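Engineer: below is the structure, and that's it, no one-letter string:
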């Protein structure tokens, strides 16, 4: 059982890494053709493919009872799972610490705007010190509320959970970082789709926005690592999609289904249950009647003693 769990973990990580590589290759071309919102939708493919890779496999009469990967890791399965659990615990502790540091910085006025929380997210606005005009603050609120409406904090929490579960996979950490960047670009595009006349004001507001120096695992923010984010963000405001977004949504949906089916088919087939297992399952489906036998004393009349 332990070796099967470890084999499933390794298989899902491989599928997750392959899906992330595919998204990395597609995200920029899709953004240029269909816009940031469609490109952000590509990030649904890796977790769905990873989940499909651990669903119950198809049954094949010729499948071996123990698959090759499970047999290969049988000798190291218990220590490996303990090491995996220890690494996951350390990552969770690091994420909790990063969340606490961000909130401490926000309490001192050193962070924001952002959305904080997962189950009941709340908008964190910058201090009203005259930096932003009333119209600019309205755009900031619209942007952060768009995050909440699109359930972006929950997507970020899922990415953080995958980072903890797959802490040894560098592609997962890279994918989580780039997913958050695409998330912000998609949110910008959604706001401007409703406020097309505020494009110039939106760009000026972005130039005033304070970039977060501390990571925020459970929430939405604009990080300051990598290529200067404002260059990417303002550049995306000027670019217009070349093709219809409906076509892009259809292509992303097709890719999502195709990736899930392909990941499920990559699983080794499971053997058909043996005769004893089938008999036990059949008996479990049939109604059971309990019968208790009780032995009672005989009621024959006693015979008279012989003379």
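Structural biologist: Ah, there it is. Fair warning: this is a prediction, and the values are worked out from it, not measured in the lab.
Engineer: for residue 115, phi and psi?
Structural biologist: phi -120, psi 130 (degrees, to the nearest 10).
Engineer: please name the bridge partners of it.
Structural biologist: residue 123, residue 220 (DSSP bridges).
Engineer: isn't it up against residue 122?
Structural biologist: Yes - Residue 115 is in contact with residue 122 according to C-beta atoms under 8 Å; the separation is 7.2 Å. All C-beta atoms are positioned from the backbone trio N, CA, C, and that covers glycine.
Engineer: the two: who's more crowded?
Structural biologist: Taking other C-beta atoms under 10 Å, residue 115 and residue 122 do not tie; residue 115 has more neighbours (25 against 13).
Engineer: quick one: contacts for residue 157?
Structural biologist: Neighbour list for residue 157: 118, 217-218 [criterion: C-beta atoms under 8 Å, 6 or more residues apart in numbering].
Engineer: low-scoring stretches of this protein, by residue?
Structural biologist: 1, 3, 57, 59-77, 111, 210-214, 222-231, 239-240, 242-245, 270-307 (pLDDT under 70).
Engineer: okay, domains of it per the record?
Structural biologist: What automatic domain parsing lists as the domains of the chain is 1-75+243-274, 97-239.
Engineer: residue 119 - that's part of a helix, no?
Structural biologist: No - counting by DSSP: H, G, I helix; E, B strand; the rest coil, residue 119 falls outside a helix, being coil.
Engineer: quick one on the thing from earlier: and the domains of the chain as TSV, adding distance to residue 91?
Structural biologist: Below are these laid out as TSV (distance: least, C-beta to C-beta, whole Å):
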stretch	distance to residue 91
domain 1-75+243-274	14
domain 97-239	4
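Engineer: do you know which of these lies nearest residue 81?
Structural biologist: Closest approach to residue 81 among those (C-beta to C-beta): domain 1-75+243-274, 5.7 Å.
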